[in-house]
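Asks: Got a predicted structure here, sequence first:
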Amino acid sequence: QYRDFKIPEEFTAIWDYMERGYQTTAFSATLPSDQDIVKHYEMRAAGKGIKGRPTLQKQTYTMSVPKRVPTTTVNGGGDGEGSNGMDESGE
């Protein structure tokens, strides 16, 4: 959401990957806060080192995905269709 950047909803494979990550304890337990991500980006973009954490805001953790994201499979799901919606003949 930094600078109004959003991953388009039609990028369903990315959203599916993110959703599976958010459901994994190791991923969610080590997820940096939204403020830490923005601060890191701003400091790197400005060519400055990173020191401290923002203290005026409560730490937030964005772990949402669009509700309409269908589950996709990698290398097909056994239904004759690959993850790109084409059948094995390429149609």
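Replies: Great, that's in hand.

Asks: For the rest of this, base every contact and every neighbour count on C-alpha atoms.
Replies: Noted.

Asks: residues of the lowest-mean-pLDDT helix or strand in the chain that come out buried?
Replies: Lowest by mean pLDDT, DSSP states H and E among the helices and strands of the chain is helix 34-45, with a mean of 83. Across helix 34-45, burial judged by 16 or more other C-alpha atoms under 10 Å covers 34, 35, 36, 39, 40.

Asks: now residue 67: how far from residue 44?
Replies: For residue 67, the distance to residue 44 (C-alpha to C-alpha, to the nearest Å) stands at 33 Å.

Asks: Residue 4 now?
Replies: 19 Å.

Asks: Name the nearest residue to residue 22, sequence neighbours excluded.
Replies: Leaving aside its chain neighbours, residue 22 sits nearest to residue 28 (5.5 Å; criterion: C-alpha to C-alpha, 6 or more residues apart in numbering).

Asks: Report the rounded mean pLDDT for the host helix or strand of that neighbour.
Replies: Assigned by DSSP states H and E, residue 28 belongs to helix 25-29. Across helix 25-29, pLDDT averages out at 91.

Asks: got it, and stretch 60-76?
Replies: Mean predicted lDDT for stretch 60-76 stands at 68.

Asks: and what of stretch 6-15?
Replies: Rounded mean pLDDT across stretch 6-15 is 92.

Asks: Show me what counts as buried in it.
Replies: Neighbour count says stretch 6-15 has 12, 13, 15 buried, by 16+ other C-alpha under 10 Å.

Asks: could you measure the last one against residue 46, distance?
Replies: With distances taken as C-alpha to C-alpha, residue 15 is found 29 Å from residue 46.

Asks: Over to the first one?
Replies: As for residue 12, its distance to residue 46 is 32 Å (criterion: C-alpha to C-alpha).

Asks: again with the second one
Replies: When C-alpha to C-alpha is applied, the distance between residue 13 and residue 46 equals 32 Å.

Asks: just residue 29 next, same as before
Replies: For residue 29 relative to residue 46 (C-alpha to C-alpha), the value is 29 Å.

Asks: And residue 28, by the same measure?
Replies: Relative to residue 46, and taking C-alpha to C-alpha, residue 28 is found at 28 Å.
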